[in-house]
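Peer 1: got a predicted model here, sequence first, then my questions.
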Amino acid sequence: MASTHTSAAASSTMPTKTRDIHNHHMDSTVWDDLKFRPDDIIISTFPKAGTTWTQQITCQLLHAGDEKVAPNALSPWVELRVVPRAQMLQMLEAQESRRFMKTHLPIDALVFNPKAKYIFCGRNGRDSMWSWHNHLFAATDMFYQLFNDNPGRVGPALRRPSDDPRDMFMQLLQDEMDPELGWQFWGHILGWWEVRSLPNVLLIHYNDLKADLDGEMRRIAKFLEIPEMSPEQWKAAVEHCTFDWMKAHADLAAPQQAEMAWKEGAASFIHKGTNGRWKDILSEDDNRRYLERARKELGEECAQWLENGRLQGAVKLD
């Protein structure tokens, strides 16, 4: 059973790695051998909570709105088990431009470097579940073979979910995510929330990016200490981070194997970008139980932030 947390007070203590995670997707030990650089950027999320969007934003900020730069080629998922460790580390070591790496690890399984900058993007848990369900349900048999048949897998195989996303949602109410479908949710969110006051950590939210993309990009640019762009470059950067533009250029952000891994290729990976698909499916009791569980696991302030974001939730983060 998931542990109960009653405090969401921010910590100023630098986190330390206390465990490793091995499953069908991840091998957290890869981070142990990464040679950090002082200007590294690490983008962290729970799956389907704005990861690709944050990568695109970071890429556009680092490359002054250049539409030809593809984040899928520059921003690897470091602990992704299907890429051999030596190949991943060699690729990162060879990268000459400022690195921005992706992780889906909870903070207690991640090597935390005080000189690197960490961006954590949150999203309402119900929206994450609906998007995660689509991601797994739309995957091909080859996708599952890639993860399950790759040597060194620890734990159960990844399996395709049922056709009803509510089944995945119910796991959040009953206990935790089934390891055959994903990984823990509540502790993942809370771990990053509790280090939000560290100077090298920035929390952003999916809802806030939708509500004020320009403003949130400026907030991210300030945090990353991005050199000032010309007005034309900035306008281009923001345009290239809109969902419509990303959907039209999905091949730049989706994994290179997308055409084989999802039934509609990159179009499945960059899917809808919308929230609230659960509203016509979940009952009033479902939603009440979800909000109660969120408050129990995360505390009132963190639960409010996860539900609404910083702008609508009036939660002060900086």
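Peer 2: Received, thanks. Residues are numbered from 1 along each chain as shown.
Peer 1: please enumerate the strands of this structure.
Peer 2: Counting by DSSP state E, the chain has strands at residues 41-45, 100-103, 117-122, 201-205.
Peer 1: so which of those gets nearest residue 161?
Peer 2: Distance to residue 161, taken as Cβ to Cβ, is lowest for strand 41-45 among the strands of the chain, at 19.4 Å. C-betas here are computed from N, CA, C, even on glycine.
Peer 1: who does the residue most central in space within the chain bridge with?
Peer 2: Centroid-nearest residue in the chain, with Cα atoms, centre = their mean: residue 45, separated by 2.4 Å. Note on residue 45: beta-bridge partners residue 121, judged by DSSP bridges.
Peer 1: residues contacting it?
Peer 2: Applying Cβ atoms under 8 Å, 6 or more residues apart in numbering to residue 45 gives the contacts 51, 54, 104, 120-123.
Peer 1: can you redo the strands of the chain as a markdown table with distance to residue 292 and mean pLDDT?
Peer 2: Converted to a markdown table, those look like this (distance: least, Cβ to Cβ, whole Å; pLDDT from 0 to 100):
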| stretch | distance to residue 292 | mean pLDDT |
| --- | --- | --- |
| strand 41-45 | 24 | 97 |
| strand 100-103 | 30 | 96 |
| strand 117-122 | 19 | 97 |
| strand 201-205 | 21 | 97 |
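Peer 1: adding distance to residue 190, write the ones you listed out as CSV.
Peer 2: As requested, the strands of the chain are exported to CSV (distance: least, Cβ to Cβ, whole Å):
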stretch, distance to residue 190
strand 41-45, 13
strand 100-103, 17
strand 117-122, 11
strand 201-205, 12
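Peer 1: can you say which of these is nearest to residue 306?
Peer 2: Of all these, strand 117-122 comes closest under Cβ to Cβ, at 5.4 Å.
Peer 1: what are the contacting residues of the closest one?
Peer 2: Taking Cβ under 8 Å, 6+ apart as the rule, strand 117-122 contacts 39-46, 49-51, 53-54, 58, 112, 189, 192, 200-206, 209, 220, 223-224, 305-306, 309.
Peer 1: picking up where we left off before, nearest to residue 84, out of the strands of the chain?
Peer 2: Closest among these, using Cβ to Cβ: strand 100-103, at 16.6 Å.
Peer 1: okay, residue 265: pLDDT?
Peer 2: Here, the pLDDT recorded for residue 265 equals 49.
Peer 1: and residue 7, by the same measure?
Peer 2: On pLDDT, residue 7 comes in at 40.
Peer 1: returning to that earlier point: tell me the one of the contacts of residue 45 nearest residue 27?
Peer 2: Using Cβ to Cβ, residue 104 comes nearest to residue 27 of the contacts of residue 45, at 12.0 Å.
Peer 1: what is the burial count for the closest one?
Peer 2: 25 (other Cβ atoms under 10 Å).
Peer 1: surely it meets residue 49?
Peer 2: No. Using Cβ atoms under 8 Å, residue 104 is not in contact with residue 49; the gap is 9.3 Å.
Peer 1: show me what contacts the residue lying closest to residue 126 once chain neighbours are set aside?
Peer 2: Nearest residue to residue 126, sequence neighbours excluded (Cβ to Cβ, 6 or more residues apart in numbering): residue 278, at 4.5 Å. Contacts for residue 278 (Cβ under 8 Å, 6+ apart) come out as 126-127, 129-130, 165-166, 169.
Peer 1: how about residue 36?
Peer 2: Contacts for residue 36 were tallied using Cβ under 8 Å, 6+ apart; they are 113, 115-116.
Peer 1: if we use 6 Å, what do you get?
Peer 2: 113, 116 (Cβ atoms under 6 Å, 6 or more residues apart in numbering).
Peer 1: ok, residue 14 next?
Peer 2: Contacts of residue 14 (Cβ under 6 Å, 6+ apart): residue 114.
Peer 1: can we start the residue count at 10 from this point?
Peer 2: All right, first residue 10 from here; so that's residue 23.
Peer 1: how much space is there between it and residue 162?
Peer 2: Computed as Cβ to Cβ, to the nearest Å, the residue 23 to residue 162 distance reads 32 Å.
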